[in-house]
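> pasting the sequence and the predicted model now:
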Amino acid sequence: MLDRSSFWKKVSSGLAPEEKILVAVSGGADSVALLHLCLPPKEMISRLLIGHVHHGTGEFADKSERLVRKLADELHVKCTVAHVVVPHGERKKIGFEAAAREVRYAALEKMADEHNCIRCLTGHTLDDQAESFLLAGMRGAGTAGLSGARARRGRWMRPLLSVRHEELCNHLREWNIQWVEDPTNVGDLITRTAIRNRLKPLILERFGAGSWENIAQSAAYAADAEDVLEQAARDGLASVHRGSTHRWIAVDAPSLAGYFADTRNRVLMLAWCHAADIEAENAYLSRTARKQLNVALTSRPGDRFVVQGVECRHTETRLVLNGLHDIEPLPVACPGTVLLPDGGSVAIELLAADDVDSLPSVPGEVEFLDADQLGSTLTIRPWQEGDRYNPLGRPDSNVKVTRALRRKSGERIGVLWVLLKNDGSIAMVAGERIADHVRVRAETRTLAKVTITPPPMQTVE
């Protein structure tokens, strides 16, 4: 039974009194009905916020905003509106509808953050589920695509997934509540609209009144299967995980290569998300990028691939995914401390060299360098392919950084950082070795005590 405020208890269950709910209202029938069904009691009306996004699409967008603001005034619900622009490049790449959806969700997320909205509601219906299932099937999607919208994901809730669009329209007519009809719902220009206007009537005629609900139910079954597969992927990542820091992760390549294809692809995706610092539910990788991850997994040691901003490198038995490989060099004060993007740090302290023999050094943690040779203008950046230097004890050598490391690749966790002098030469590979030309000599007058703090280790779930 649909009635005013009948969904409030469901959507507010478990929330603290100071926490709020955002309702995304476009002005269409589904979202307007959602607002009406989720209205709280008068004494709690301040806990609800209407969020509306104006996409800059002309008269229809203006009309929608006016209606939403009018509804908010009549219901005494606070309303916030975001005016956004859908980037032209994204329109060309993924289409206007998909690009507008990304911009819209980003704007709604920002509203929720600014107003302490712990939950965000959208008006997706049973019809949306059925249409999405058919669209995904025609595109050859797996269980993730066939699942459609989820009833609950993160702070997003979709309480109307079991309700048909027509039921919501009838509810609005009964209460004499206005809505605006999207002009794109007329005609067959948009594929989803063509399904609604042409395919749905044919399905109902041929297979009966319950067939449309059955298609939506198939999306629910796919969602259940997807949940199982997602958990298997999380378990798989935990099993092959060999260490990770912020935006860096290593996995056991031979073990992962032996997984079933679907689980393997999902584990690789989760690892990529960790390195890219993107929530898995918001991540997108093209088919080409997903293939690149699989190629990287079975490549030869030393092979390097960059997959949508993340460097993937095969090192003996591990696949390392590094999202910090291309950051710009960071300035390092001497003396001073620099906090590294992976959570580690490098601190430099200047000391007199009177008692050099009594100063304890800890290889990889505390090193002493000749401050005069080091200079005062320093930078630090991630190691790059082709970096060379003359390591301590080998003044006449010019070797690749990776050939003069203290630890084997399987023992290192995290980004490899190199400290550079102002002439671009490498003074130290942090946590590994210093360069010979900055070593402490008998004539050294000032010491640079360099303390390397590694980044905190992270776990995967």
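Received the coordinates, thanks.

> make it CA atoms for all contacts and neighbour counts henceforth
Will do.

> quick one: the strands in the stretch 151-300 of the chain?
Along the stretch 151-300 of the chain, the segments classed as strands by DSSP state E, counting those that start in this stretch run 152-153, 156-157, 241-245, 248-252.

> with distance to P40 and mean neighbour count added, can I get the ones you listed in CSV?
Below are the strands of the stretch 151-300 of the chain laid out as CSV (distance: least, CA to CA, whole Å; neighbours: other CA atoms under 10 Å):
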stretch, distance to P40, mean neighbour count
strand 152-153, 20, 12
strand 156-157, 16, 19
strand 241-245, 44, 21
strand 248-252, 45, 25
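
> could you dump those into JSON lines with mean pLDDT and distance to I118 added?
Below are the strands of the stretch 151-300 of the chain laid out as JSON lines (pLDDT from 0 to 100; distance: least, CA to CA, whole Å):
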{"stretch": "strand 152-153", "mean pLDDT": "88", "distance to I118": "12"}
{"stretch": "strand 156-157", "mean pLDDT": "94", "distance to I118": "9"}
{"stretch": "strand 241-245", "mean pLDDT": "95", "distance to I118": "28"}
{"stretch": "strand 248-252", "mean pLDDT": "96", "distance to I118": "30"}
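
> centre-most residue in the chain?
In the chain, the centroid-proximal residue (CA atoms, centre = their mean) is I278; its distance is 1.8 Å.

> so for that one, what pLDDT did the model give?
I278 is assigned a pLDDT of 89 by the prediction.

> which stretches in the stretch 301-450 of the chain count as helices?
Per DSSP state H, counting those that start in this stretch, the stretch 301-450 of the chain carries helices over the ranges 371-374.

> no no, the stretch 1-150 of the chain
For the stretch 1-150 of the chain, the helices defined by DSSP H, counting those that start in this stretch occupy 8-12, 29-37, 59-75, 88-94, 96-114, 126-138, 143-146.

> can I get the longest one in CSV? Just the C-alpha atoms.
Spelled out, that is helix 96-114. Provided in CSV are the C-alpha atoms of helix 96-114 (Å, rounded to 0.1, in the frame of the first residue of the first chain):
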residue,chain,number,x,y,z
PHE,A,96,25.3,12.0,-22.8
GLU,A,97,23.2,9.9,-20.5
ALA,A,98,26.1,8.1,-18.9
ALA,A,99,28.2,11.2,-18.6
ALA,A,100,25.3,13.2,-17.1
ARG,A,101,24.8,10.3,-14.6
GLU,A,102,28.4,10.6,-13.4
VAL,A,103,28.2,14.3,-13.0
ARG,A,104,24.8,14.1,-11.3
TYR,A,105,26.0,11.5,-8.7
ALA,A,106,29.1,13.5,-8.0
ALA,A,107,27.0,16.6,-7.3
LEU,A,108,24.6,14.7,-5.1
GLU,A,109,27.5,13.2,-3.1
LYS,A,110,28.9,16.6,-2.5
MET,A,111,25.5,17.8,-1.3
ALA,A,112,25.3,14.9,1.1
ASP,A,113,28.7,15.6,2.5
GLU,A,114,28.0,19.3,3.1
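
> any idea of the mean pLDDT in that helix?
For helix 96-114, the per-residue pLDDT averages 88.

> what angle separates the longest helix along the chain from helix 126-138?
Criterion DSSP state H: the longest helix present in the chain is helix 211-240. With axes from the mean of the first three to the mean of the last three CA atoms, to 10 degrees defining the directions, helix 211-240 sits at 60 degrees from helix 126-138.

> flag every buried residue along helix 211-240.
For helix 211-240, the neighbour count (16 or more other CA atoms under 10 Å) marks 211-213, 215-220, 222-223, 226, 229-230, 232-238, 240 as buried.

> returning to that earlier point: look up how far W175 lies from the residue nearest to the centre of the chain.
I278 sits at a distance of 43 Å from W175 (criterion: CA to CA, to the nearest Å).

> please parse this structure into its domains.
Domain assignment for the chain by automatic domain parsing gives 8-222, 246-322, 330-453.

> start and end of the last one, how far apart?
Taking CA to CA, the span from the opening residue of domain 330-453 to its closing residue is 16 Å.

> please shift the residue numbers so they start at 217 in all later answers.
Yes, from this point I'll number from 217; that puts the last item at domain 546-669.

> how far does it sit from its chain's centre?
On the basis of CA atoms, centre = their mean, to the nearest Å, domain 546-669 is displaced by 34 Å from the centre of the chain it belongs to.

> lowest average confidence, helix or strand, in this structure?
In the chain, no helix or strand scores lower on mean pLDDT, DSSP states H and E than helix 304-310, which sits at a mean of 71.

> does G539 touch R463 like I think?
Yes - between G539 and R463 there is a contact under CA atoms under 8 Å: 5.2 Å.

> quick check: neighbours shared by those two?
491-493 (CA atoms under 8 Å, 6 or more residues apart in numbering).

> filter these down to the ones in helices?
Within the shared contacts of G539 and R463, residues falling in helices by DSSP H are 491-492.

> filter the shared contacts of G539 and R463 down to the buried ones, PyMOL style.
Selection of buried members from those for PyMOL, criterion 16+ other CA under 10 Å:
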select buried, resi 491+492
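
> on that earlier part again, what's the closest of the helices of the stretch 217-366 of the chain to N614?
Nearest to N614, of all the helices of the stretch 217-366 of the chain, is helix 304-310, at 45.5 Å by CA to CA.

> quick one, phi/psi of the residue nearest to the centre of the chain?
phi -130, psi 140 (degrees, to the nearest 10).

> what sits against it?
Residues counted as contacts of I494 (CA under 8 Å, 6+ apart): none.

> what residues does stretch 513-525 touch?
Among residues not part of stretch 513-525, those counted as contacts by CA under 8 Å, 6+ apart are 469-470, 473, 492, 501, 505, 508-509, 512, 527-532, 535, 539.
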